[in-house]
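Visitor: Here is a sequence with its predicted model. Questions after.
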Amino acid sequence: MPPRLDITRQSEHNSNTVKTRKNVGGQPDHKGNYLKARTHVDDTMHHKPEICTQCGYDLRGEPVVEIRRGQVIDIPQIKMSVREHVNYAIQCPSCNKDNKQDLPGMQDYCLAQYGQNIKDFIVFMNARQYLPIARTNEMVSAMTGESISTGSIAICIHHQVQESSKYYEKIIEAIKSEVCVHADETSMKVKA
């Protein structure tokens with residue numbers, strides 16, 4: 001919703017503001033906040049010039065006259081991690097039964113499927129951040145380089161709804177059994 005349509009937003013002009021002689025913005029005695037360099041770094045890259053940009057002289061082996069440091073604080077590139085599970089069947093020499101274990105988190109009919117972390121992320125973006133399915137698909141693709149079908153996204157959401165519904169029903173029953181229930185409602189301006 002654009003800010004101009006947000007009815008709960010304070011108006012830019014406040015007639016109750018007390019006039020002062022201070023300038024607008026940060027005051028001289030105000031301690032400013034800024035992005036500080038970190039003491040722990042994950043990676044260090046060294047940038048040493050090898051050739052003089054003016055005359056072309058070879059600078060390798062020459063002494064360093066100044067060192068400056070700068071940090072770039074960023075998130076790592078997100079990419080899908082693939083773990084393959086291999087299931088071995090071993091026949092019992094005593095009774096001839098083929099013994100095998102279930103693959104963790106795998107369905108028998110799938111050769112590949114998405115893991116719980118990406119499923120949880122998809123549901124979070126859709127249910128909590130209100131991102132439609134097509135935009136969730138676009139976001140996952142932009143972040144990871146992998147395209148997940150909108151059908152797979154819908155299935156992730158549906159499975160989570162099924163999983164959560166048993167807890168939801170318990171909450172509803174607990175609320176119904178209470179004598180008094182408080183329901184908070186979103187406020188609204190009466191006078192604009």
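Guide: Arrived safely, thanks for sending.

Visitor: what residues are up against the residue nearest the centre of the chain?
Guide: Nearest to the mean C-alpha position of the chain, counting by Cα atoms, centre = their mean, stands Phe121 at 7.4 Å. Counting by Cβ atoms under 8 Å, 6 or more residues apart in numbering, Phe121 makes contact with Val140. Where you see a C-beta, it was placed from the backbone N, CA and C, and this is true even at glycine.

Visitor: 7 Å instead, please
Guide: If a contact means Cβ atoms under 7 Å, 6 or more residues apart in numbering, then Phe121 has no contacts.

Visitor: I'd assumed it was in a strand, is it?
Guide: No: counting by DSSP: H, G, I helix; E, B strand; the rest coil, Phe121 is not found in a strand; it is helix.

Visitor: where does it land on pLDDT?
Guide: The model reports Phe121 with a pLDDT of 94.

Visitor: how near is it to Pro28?
Guide: Using Cβ to Cβ, to the nearest Å, one obtains 46 Å as the distance from Phe121 to Pro28.

Visitor: Likewise for Cys92?
Guide: 84 Å.

Visitor: same thing with Thr136?
Guide: From Thr136 over to Pro28 (counting by Cβ to Cβ), the distance is 48 Å.

Visitor: These two: which is more packed in?
Guide: Thr136 (23 against 6; other Cβ atoms under 10 Å).

Visitor: which element is that one on?
Guide: For Thr136, the host element (DSSP states H and E) is helix 133-144.

Visitor: just checking, what packs against that helix?
Guide: Helices and strands touching helix 133-144, by 3 or more Cβ pairs under 7 Å, 6 or more residues apart in numbering; DSSP states H and E, are helix 150-176.

Visitor: Buried ones in the helix it packs on, by neighbour count?
Guide: Under the neighbour-count criterion of 16 or more other Cβ atoms under 10 Å, helix 150-176 has 152-153, 156-157, 160 buried.
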